[in-house]
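>>> sequence plus the predicted model coming up.
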Amino acid sequence: MPVTGMNHFTILTDDVEGTCAFYADVLGLEKGWRPPFDFPGAWLYCAGEAVLHVVGGRPVPREPGVLDHMAFSARGLGDTVARLEARGIEYDLRPLPGRGTWQLFFFDPNGARVEMDFAPEEHTLPM
């Protein structure tokens, strides 16, 4: 099989800096090196890998497209829920049937649906 793993997702946005701030604040991704493209954007990193490309300067589709959501493996469920609530971001938290993995869904400022998956033992939420 020629595929060895997922490389990255790309988000189109009217607000590159605001989108980067959202992903840094909520997911802990870090802005890093990006080739000198002739259009605005940023690459966001996790554990040294560029996993999310943010692109500006292109039309942003406002209708749903073929990508339903992007999913990240994560740690710190309680802290993540607290960050979302502190920012007034609506979310849906549910266990994955048959596995117990906690799936946390929410939307970024551009309308992209984000999923964060947490281990089953991360069931304690802040009060």
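Received the coordinates, thanks. Numbers count the residues shown, from 1 in each chain.

>>> tell me where this structure has helices.
Using DSSP state H, the helices found in the chain span residues 16-27, 77-86.

>>> flag the shaky bits of this structure, pLDDT-wise.
1-4, 64-66, 68, 124-127 (pLDDT under 70).

>>> okay, domains of it per the record?
1-57, 69-127 (automatic domain parsing).

>>> of those, which approaches E63 most closely?
domain 69-127 (9.8 Å; C-beta to C-beta). C-beta: built from backbone N, CA, C; applies to glycine.

>>> quick one: that closest one to chain centroid distance?
How far domain 69-127 lies from its chain's middle: 10 Å, per C-alpha atoms, centre = their mean, to the nearest Å.

>>> so what's the residue nearest the centre of the chain up against?
Centroid-nearest residue in the chain: V114, 4.9 Å away (criterion: C-alpha atoms, centre = their mean). Listed by C-beta atoms under 8 Å, 6 or more residues apart in numbering, the contact set of V114 reads L27, H69, M70, A71, F72, F105, F106, F107, D108.

>>> excluding chain neighbours, what is closest to the third one?
Counting by C-beta to C-beta, 6 or more residues apart in numbering, the nearest residue to M70 once its immediate chain neighbours are dropped is F9, at 4.6 Å.

>>> can I assume that neighbour is in contact with V54?
No. Counting by C-beta atoms under 8 Å, V54 is not a contact partner of F9; they are 9.8 Å apart.

>>> which of these two has more neighbours?
Neighbour count, other C-beta atoms under 10 Å: between F9 and V54, V54 has more, with 26 against 17.

>>> show me where this protein has strands.
Along the chain, the stretches classed as strands by DSSP state E are 9-12, 30-32, 41-46, 49-55, 70-73, 92-95, 102-107, 113-118.

>>> take the ones you listed and lay them out in a markdown table including distance to R83.
Output for the strands of the chain, formatted as a markdown table (distance: least, C-beta to C-beta, whole Å):
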| stretch | distance to R83 |
| --- | --- |
| strand 9-12 | 19 |
| strand 30-32 | 16 |
| strand 41-46 | 16 |
| strand 49-55 | 17 |
| strand 70-73 | 14 |
| strand 92-95 | 13 |
| strand 102-107 | 10 |
| strand 113-118 | 11 |
